[in-house]
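J.: Make a model of this:
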Amino acid sequence: MRSTGRLRRYVRAAVLIVPAVAVAAGVMTSAAASDSSVTSTVAQQAVTPADQFLGVSCPADRFCMGVGWYIPADGVKRPLAETWDGSAWHITFPLAPSPAPASVLQTVSCTSRTACLAVGGVLTLLDGVMAGRLRNGFALVRPPGHHAEPERAMGFCLFNNVAIGAAYLRARYHLERILVVDWDVHHGNGTQHAFARDPGVLYVSTHRYPFYPGTGALDEVGDADGAGYTVNIPFPGGVGDAEYLEAFHTVIEPIALQYAPQLVLISAGFDPHRRDPLGGMRVTEAGFAAMARSLIDVAERVAAGRCVAVLEGGYDLNAIRNSAAVVLDELSGAGGPLPPPPAPSCARPILDAVRAAQRHFWKFV
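T.: Numbering: from 1, shown residues only. You can find the predicted model right below:
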């Protein structure tokens, strides 16, 4: 197990987090673009592995960004909601029967400036890679971004860091082909929607389905000129390294090499980790290392090594720490031999369906 000291050492010594810079004008839009306070109401009690989140669609109005149901280990289904009161967003996770006593709730605040700093860190890292000062990198930023839509924040995401990064690469560096691979346990609805009609960005997602935010079905393949440039791999709960690695080796790598991206972006959420209290998946550090190595190999073969990971979700600090460390190992070239994928994998029916949905756009062996 890697210590936090080792992780900090990587951050200082290698390619990684860059603090704040201003976000380029015209690249970023969101409902949270003002500097008004963003307030989250979070439970003080620890979330246990038996707790669950079940996401459902929310009416697209100004009073609600997203709503779902939170089921603590006691089995009582309770509402989760993100609401706008006219001046601030409130994200509520009641751990007691609604209405929850004030004693079990704690309010923490940040401003949209923090989200701007996260985006700015990603853009600065991309500048370093494109200028050749860095070969690759990992932006360890918060808040995450892949749920944020162009017009509104959603799912703890204020600005879509990766989508803004891809748009920035297109606008500033005139890249024609960017690969975004999102391995967060939740589907990146914001990133998919941002580029659904754009063949210049190939969006690939592995995620639990059905699950929050409700998007990411395998027949969502893009629209108009972007048809075939959205690839969704919707897994049931409980899958782990074997299924993820089969997806990478038999679907994602063949498509990526045919696309030949000029830069690879990774939405690196670590909530598929087996320790994560919300994700319900069984991926290990070895699995994340193998997924990272797969995408780094793609970047080495067709993108001059340009590969940038951006932190997304994750709700267990040990899982985030240890998984980020192995991804950093891979990016720095310090990763050792990987164990063979565990067997057997139960992914074949799902991956056959994905290949069938994509057969008009890509070739598979």
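
J.: which stretches of the stretch 251-365 of the chain form helices?
T.: Applying DSSP state H, counting those that start in this stretch to the stretch 251-365 of the chain gives helices spanning 253-259, 285-302, 317-332, 348-358.

J.: Keeping just the C-alphas, turn stretch 233-253 into PDB.
T.: This file holds the C-alpha atoms of stretch 233-253, laid out as PDB (Å, rounded to 0.1, in the frame of the first residue of the first chain):
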ATOM      1  CA  ILE A 233     -20.300   0.100 -21.900                       C
ATOM      2  CA  PRO A 234     -23.100  -0.200 -19.200                       C
ATOM      3  CA  PHE A 235     -22.200  -2.800 -16.500                       C
ATOM      4  CA  PRO A 236     -24.400  -4.200 -13.900                       C
ATOM      5  CA  GLY A 237     -23.400  -3.800 -10.300                       C
ATOM      6  CA  GLY A 238     -20.800  -6.100  -8.800                       C
ATOM      7  CA  VAL A 239     -18.400  -6.400 -11.700                       C
ATOM      8  CA  GLY A 240     -14.600  -6.000 -11.200                       C
ATOM      9  CA  ASP A 241     -11.200  -6.200 -12.800                       C
ATOM     10  CA  ALA A 242     -12.000  -9.100 -15.100                       C
ATOM     11  CA  GLU A 243     -15.000  -7.400 -16.800                       C
ATOM     12  CA  TYR A 244     -13.300  -4.000 -17.000                       C
ATOM     13  CA  LEU A 245     -10.100  -5.300 -18.500                       C
ATOM     14  CA  GLU A 246     -12.000  -7.400 -21.000                       C
ATOM     15  CA  ALA A 247     -13.900  -4.300 -22.100                       C
ATOM     16  CA  PHE A 248     -10.600  -2.400 -22.400                       C
ATOM     17  CA  HIS A 249      -8.800  -5.100 -24.400                       C
ATOM     18  CA  THR A 250     -11.700  -6.100 -26.700                       C
ATOM     19  CA  VAL A 251     -13.700  -2.900 -27.200                       C
ATOM     20  CA  ILE A 252     -11.900   0.300 -26.100                       C
ATOM     21  CA  GLU A 253      -8.400  -0.400 -27.400                       C
END
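
J.: Give the rounded mean pLDDT of that stretch.
T.: Model confidence over stretch 233-253, given as mean pLDDT, is 97.

J.: thinking again about what came up before, can you tell me which of the helices of the stretch 251-365 of the chain is nearest to Gly216?
T.: Of all the helices of the stretch 251-365 of the chain, it is helix 348-358 that lies closest to Gly216, at 11.5 Å by CB to CB. Quick note: C-beta positions are derived from backbone N, CA and C, even for glycine.

J.: Other residues contacting that closest one?
T.: Residues outside helix 348-358 that contact it (CB atoms under 8 Å, 6 or more residues apart in numbering) are 218-219, 221, 228, 231-236, 243, 246-247, 250-251, 255, 364.

J.: would you turn the helices of the stretch 251-365 of the chain into JSON lines with mean neighbour count and distance to Tyr173?
T.: Compiled in JSON lines, the helices of the stretch 251-365 of the chain are given as follows (neighbours: other CB atoms under 10 Å; distance: least, CB to CB, whole Å):
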{"stretch": "helix 253-259", "mean neighbour count": "18", "distance to Tyr173": "17"}
{"stretch": "helix 285-302", "mean neighbour count": "22", "distance to Tyr173": "15"}
{"stretch": "helix 317-332", "mean neighbour count": "21", "distance to Tyr173": "20"}
{"stretch": "helix 348-358", "mean neighbour count": "16", "distance to Tyr173": "28"}
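
J.: Distance to Leu125 for these - can I get that in TSV?
T.: Putting those into TSV (distance: least, CB to CB, whole Å) gives the following:
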stretch	distance to Leu125
helix 253-259	21
helix 285-302	14
helix 317-332	11
helix 348-358	30
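
J.: Between those, which one is closest to Pro341.
T.: helix 285-302 (7.3 Å).

J.: Can you give me the pLDDT of Glu151?
T.: Glu151 is given a pLDDT of 82.

J.: hang on, it in a strand?
T.: No - Glu151 is assigned coil when assessed by DSSP: H, G, I helix; E, B strand; the rest coil, not a strand.

J.: okay, now it: neighbour count?
T.: A count of neighbours around Glu151, defined by other CB atoms under 10 Å, yields 10.

J.: what's Asp182 in contact with, if anything?
T.: Counting by CB under 8 Å, 6+ apart, Asp182 has contacts 146, 162, 188, 191, 203-207, 266-267, 269, 312.

J.: Neighbour-wise, which one of these leads?
T.: For the contacts of Asp182, neighbours tallied by other CB under 10 Å; top is Gly188, 34 neighbours.

J.: Okay, that one and Ala334: tell me how far apart.
T.: 28 Å (CB to CB, to the nearest Å).

J.: So which residues of this structure form strands?
T.: 37-43, 52-56, 64-71, 78-84, 89-92, 105-111, 136-139, 178-182, 201-208, 230-235, 263-268, 307-311 (DSSP state E).

J.: Let me know the average pLDDT across the first one.
T.: In this case it means strand 37-43. Rounded mean pLDDT across strand 37-43 is 27.

J.: Also the fifth one?
T.: Strand 89-92 comes out with an average pLDDT of 42.
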